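1. structural data only, the sequence is not supplied:
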């Protein structure tokens with residue numbers, strides 16, 4: 001055997017004993033977006049065996065320059081990117097350091113295995129990034145990288161705060177809203193003022209579809225790594241659903257995430273991972289609450305139940321669509337909530353356009369800005385304040401002389417362009433062009449198949465945006481069959497693998513953006529009977545498919561309905577007008593005597609108003625009537641005959657104002673300005689200015705909103721910084737605090753206490769606990785008693801004797817204020833406590849104090865589990881028409897909440913069932929010892 005032949009047999013396979021070569025090669029090829037050749041890989045394995053470039057060239061019998069070029073030109077750039085190291089300017093590299101780097105990055109095995117959690121998290125984030133929209137959506141001529149695009153990063157966030165609706169000292173002119181929005185905060189300030197100091201350990205980012213929630217969360221993830229603030233772990237919440245049930249988050253992290261991230265999981269690795277959690281090193285980034293469950297209420301409450309145990313272990317940031325979050329705004333009320341603010345028009349929108357066209361065609365940029373600025377494009381200006389839709393407009397502008405009229409038309413254009421862009425990509429992938437859908441007929445055939453798949457997924461009770469393998473096969477065929485719809489969808493990029501698995505049946509797929517799943521679903525709907533049975537009269541009925549299907553009330557179908565109404569391709573205007581008329585005149589069969597409409601009738605009337613935005617052929621006269629009616633519901637009206645102002649119930653008023661803020665109609669602006677200038681009621685002036693501000697923040701009249709600032713600070717909060725277990729001064733501090741809580745002190749001082757801070761100080765101090773129990777006795781004042789109750793439940797939330805003690809105090813009390821305070825405290829610790837819930841329902845029906853009844857309504861809306869709602873409907877319907885107007889209004893508010901969270905058929909059955917059946921069936925919800 002010659003030396004040459006001997007050298008050609010060198011393989012450096014001993015590297016397999018020290019490094020996870022399979023994972024390393026896969027990650028390098030992922031960064032490279034292509035294969036590493038066998039020869040280059042052999043040379044690199046030589047490096048991992050401790051050889052230098054000259055050693056490898058001698059062993060392989062090749063020129064030293066051959067090895068040098070392979071390593072420095074075809075391995076080094078991708079290796080440095082993989083390890084997140086700055087690539088050196090000089091061509092030569094000290095390759096002897098590479099094995100150590102790889103061990104630190106977690107690629108070592110056996111004795112070399114040492115997990116680098118920072119690198120593990122970066123690798124997992126890089127994998128997830130490949131599923132992001134901008135990897136697929138850009139045309140050949142234009143590329144938008146939203147993770148680094150200045151326009152996106154500068155998006156502002158608007159903090160939502162739960163208003164203190166129950167303060168006794170709230171000014172009577174100030175309206176009570178579901179939430180208050182603070183002035184916008186720029187993203188860079190959000191990083192500096194909220195994330196870096198870890199101002200909150202629970203943050204929710206909410207926004208409309210395509211508003212950039214996922215991209216923002218990605219940016220936060222990489223920023224956490226860059227700033228070395230901890231370990232960002234990304235979880236697409238749809239992946240938590242298994243066989244229709246929500247997995248425990250901790251189980252998922254250990255059994256799925258860790259298994260995917262680390263090849264050889266030993267007990268030491270698992271212990272190290274748990275230690276990272278316990279040491280508050282982990283940031284849990286939970287993307288897409290709206291992708292979990294059909295019932296948003298269930299999703300949010302189940303998540304809240306799980307996250308309660310994590311509050312002291314990890315920092316949590318989640319994303320959610322606004323409509324899902326608002327469906328049960330109280331389910332995750334402990335989260336600090338931020339809404340993604342729309343791009344400002346014209347400033348940010350035009351800057352985004354300029355950035356997109358800068359490298360390709362600046363002239364097109366100017367032409368697009370000019371067309372968009374025309375007065376008749378007001379609706380489109382509003383639509384493209386959404387980053388996804390603005391990107392779609394930019395990437396489709398080349399081939400069109402005019403702008404799209406509706407949101408649906410924008411999607412239609414993008415889909416057509418998407419097929420054109422894929423022609424080039426198809427050839428680059430070396431795929432058989434015979435299978436490419438190169439005609440409109442072939443494209444429509446695939447679009448319809450994707451539409452049928454989308455409809456089935458949206459109808460699922462869990463994970464509507466996560467498509468299991470078997471479901472996709474059932475609709476699209478074999479993924480390995482060349483030319484099948486499944487094969488086409490994967491190769492075109494309409495579908496992506498969200499969860500890979502060795503067994504095909506365990507794979508899960510997603511559309512490259514959820515809004516395209518909703519668009520394809522809209523394409524597949526031929527008749528509005530699929531949304532609302534056309535033969536409905538006044539009770540649930542079957543549609544033409546013989547199904548009780550009222551998709552029109554489903555939050556996950558709402559976006560598809562908006563898109564359907566704006567489609568031009570095959571939907572006749574007459575059919576759309578019939579649909580809107582059906583919505584306006586819907587009869588739910590659950591009419592309330594003292595209300596103009598039933599609960600579901602209001603929902604559909606408001607929906608009809610929003611749908612007219614994308615239905616330009618709708619008669620103007622009738623649109624004016626709809627707007628007039630909603631203005632009356634939103635702000636009331638003055639009766640000349642009775643010389644007084646009549647107003648709707650709170651929930652109707654709130655929803656009407658929310659809908660008006662979305663309708664950019666001249667009559668709305670005219671009515672708002674009239675109210676601001678001429679209404680004597682300061683509450684209504686505030687509300688009108690608030691709606692005007694949401695429509696046009698720059699309008700001078702929107703500045704009529706009064707500001708209230710509370711500058712109170714709490715010195716007691718500083719106690720939380722003390723070393724509670726070891727500081728010798730703590731006993732005296734405890735005595736002083738107990739003394740400070742007693743009635744001898746001023747009420748203002750008592751208000752500054754944080755129950756959680758005091759509970760931490762008093763915990764494990766039995767003498768202090770006994771003193772607190774003494775203070776809750778009737779001999780002490782009311783305010784002291786309920787504050788003590790809150791501290792007690794914070795100290796021992798699962799102590800049955802404490803719970804029973806508080807229940808007895810609550811039920812024995814004739815003071816309704818103390819009753820509701822203790823009930824609220826109990827339910828904060830145990831949201832499903834049936835005795836407390838039933839007691840509050842009784843208070844709504846039979847209580848004497850209207851203020852406490854109002855407070856009770858808010859508590860019940862916050863804690864009622866979806867399984868309890870039918871029983872609540874049966875109980876409260878008896879009192880909704882009560883002569884006591886406040887009692888009737890309170891019942892209406894709770895029933896409105898039930899209707900928002902129950903299907904129409906379920907609500908109808910509960911409404912018309914026997915009123916004798918009033919017991920809450922909550923045995924399975926009772927708190928366990």
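-> Received it, and whenever you're ready, just let me know what you need. For clarity, every value in this text was computed on a predicted model and none was experimentally measured.
2. from here on, just use CA atoms for contacts and neighbour counts.
-> OK.
3. can you pull out the strands in the stretch 401-550 of the chain?
-> For the stretch 401-550 of the chain, the strands defined by DSSP state E, counting those that start in this stretch occupy 467-468, 495-499, 508-511.
4. Throw those into a markdown table and include distance to residue 129, thanks.
-> Below are these laid out as a markdown table (distance: least, Cα to Cα, whole Å):
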| stretch | distance to residue 129 |
| --- | --- |
| strand 467-468 | 19 |
| strand 495-499 | 11 |
| strand 508-511 | 14 |
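5. which stretch in those has the least confidence?
-> Looking at these, the lowest mean pLDDT belongs to strand 495-499 (a mean of 85).
6. residue 193: which of the strands of the stretch 401-550 of the chain is closest?
-> Set against residue 193 and scored by Cα to Cα, the strands of the stretch 401-550 of the chain come closest in strand 495-499, at 33.7 Å.
7. list the helices and strands the closest one packs on?
-> In terms of contacts (3 or more Cα pairs under 8 Å, 6 or more residues apart in numbering; DSSP states H and E), strand 495-499 is packed against strand 508-511.
8. report the buried residues of stretch 528-541.
-> The neighbour-count check on stretch 528-541 (16 or more other Cα atoms under 10 Å) flags 528-534, 536, 540-541 as buried.
9. quick check: the farthest pair among the residues you listed?
-> Greatest spatial distance among the buried residues of stretch 528-541 (Cα to Cα): 528 and 540, at 16.0 Å.
10. and which of the buried residues of stretch 528-541 is nearest residue 306?
-> Of all the buried residues of stretch 528-541, residue 531 has the smallest distance to residue 306: 34.2 Å, by Cα to Cα.
11. how about CSV for the strands of the stretch 401-550 of the chain, with distance to residue 439 and mean neighbour count added?
-> Shown next, in CSV, are the strands of the stretch 401-550 of the chain (distance: least, Cα to Cα, whole Å; neighbours: other Cα atoms under 10 Å):
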stretch, distance to residue 439, mean neighbour count
strand 467-468, 27, 22
strand 495-499, 20, 18
strand 508-511, 22, 21
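12. identify whichever of those strands lies nearest to residue 435.
-> Closest among those, once you apply Cα to Cα, is strand 495-499, at 16.9 Å.
13. the closest one pairs with which strands, parallel or anti?
-> Strand pairing for strand 495-499, determined by DSSP bridges: strand 508-511 (antiparallel).
14. got a list of contacts for the strand it pairs with?
-> Strand 508-511 is contacted from outside by 465-469, 494-500, 517, using Cα atoms under 8 Å, 6 or more residues apart in numbering.
15. do the same with stretch 278-285
-> Taking Cα under 8 Å, 6+ apart as the rule, stretch 278-285 contacts 217, 221, 229-235, 276, 312-318.
16. now these: which count as buried?
-> 217, 221, 229-235, 276, 313-318.
17. could you list which of those belong to helices?
-> Among those, the ones falling in helices (DSSP state H) are 217, 221, 276.
18. closest to residue 657 among those?
-> Nearest to residue 657 among these, with distances taken as Cα to Cα, is residue 217, at 30.4 Å.
19. not counting its neighbours along the chain, what's nearest the closest one?
-> Here the nearest residue to residue 217 in space, its sequence neighbours aside, is residue 285; by Cα to Cα, 6 or more residues apart in numbering that works out to 7.2 Å.
20. under a three-state scheme, what state does the one you found occupy?
-> strand (DSSP: H, G, I helix; E, B strand; the rest coil).
21. what's the burial count for it?
-> 24 (other Cα atoms under 10 Å).
22. show the pLDDT at it.
-> Residue 285 is given a pLDDT of 95.
23. for it, give the beta-bridge partners.
-> Residue 285 forms beta bridges with residue 234, residue 317, as assigned by DSSP bridges.
24. what's the separation between the residue sitting nearest the centre point of the chain and residue 460?
-> When Cα atoms, centre = their mean is applied to the chain, the residue found nearest the centroid is residue 320 (0.8 Å). For residue 320, the distance to residue 460 (Cα to Cα, to the nearest Å) stands at 18 Å.
25. dump the residue contacts of residue 599.
-> Taking Cα under 8 Å, 6+ apart as the test, what residue 599 contacts is 588, 590-591, 896, 899.
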